[in-house]
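Engineer: sequence and predicted structure below; questions after.
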Amino acid sequence: SAQELATQIESGALPLTLQEQEVRMISATLGYDALSKGVIAGIIGIVVIMLFMIFIYRLPGLMSCIALLFYIVIMFFCILTMPKVQLTLPGIAGVLLSIGMAVDANVIIFERMKEELRADKSIHTAVENGFKRAFSAILDSTLIAAVVLMIFGVGSIQGFAFTLAIGIGCSMISAIFITRFLLRQVVKIGVKNRKWFIKQ
């Protein structure tokens, strides 16, 4: 049986002789260093995104930035409290991607609002129609991404998929409920000047 096993092992081997060329030792702190740099890069990215949203979308952009802060708090609360979810490097990538998807959801909504305002609709109507007409597009795109990764993801990709799925749920809450609530309050207090919503 030993001879048979040896024959089976050798039959699949390539006729090559391996020679050691180089040996490197990697410190255990490499992962921690990569993790900390990933977090710093994420913070810088979030700040840049917020500035971009305020510059392009003005008052709605500011409301989306406030909603994004709530989103980040809700997101990390879910990650820390849910079982079997670990904040690894792929997990951080999932968090950052889900933040991008949350911002993307706001962009879709605000572009719909711009279309309504250009059609001479009132600010109240533009806000309501912007959220109503953008909802299906946001829901479809996020659900497709989550389902595909949850079904086909394995190993570290599955960890990425878990955090992304949590982020997608939180982004829906952020974009559809928090941002909408804030913009409704802006309309209620009487902000009627269109220059705060769209470039003239």
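Structural biologist: Everything's here; your move.

Engineer: which helix or strand contains the residue nearest to the spatial centre of the chain?
Structural biologist: Centroid-nearest residue in the chain, with CA atoms, centre = their mean: Ser98, separated by 1.2 Å. In this structure, Ser98 sits in helix 89-118 according to DSSP states H and E.

Engineer: same for the longest helix seen in the chain, what does it pack against?
Structural biologist: Longest helix of the chain, by residue count under DSSP state H: helix 29-81. Here helix 29-81 touches helix 89-118, helix 156-172, helix 179-188, going by 3 or more CB pairs under 8 Å, 6 or more residues apart in numbering; DSSP states H and E. All C-beta atoms are positioned from the backbone trio N, CA, C, and that covers glycine.

Engineer: which residue is the nearest non-sequential neighbour of Ser64?
Structural biologist: Asn106 (4.2 Å; CB to CB, 6 or more residues apart in numbering).

Engineer: what's around that neighbour, how many residues?
Structural biologist: Look at Asn106: counted by other CB atoms under 10 Å, it has 24 neighbours.

Engineer: just Val103 next, same as before
Structural biologist: For Val103, the count of nearby residues is 23 (other CB under 10 Å).

Engineer: what's the answer for Ile168, then?
Structural biologist: Ile168 has 23 neighbouring residues, counting by other CB under 10 Å.
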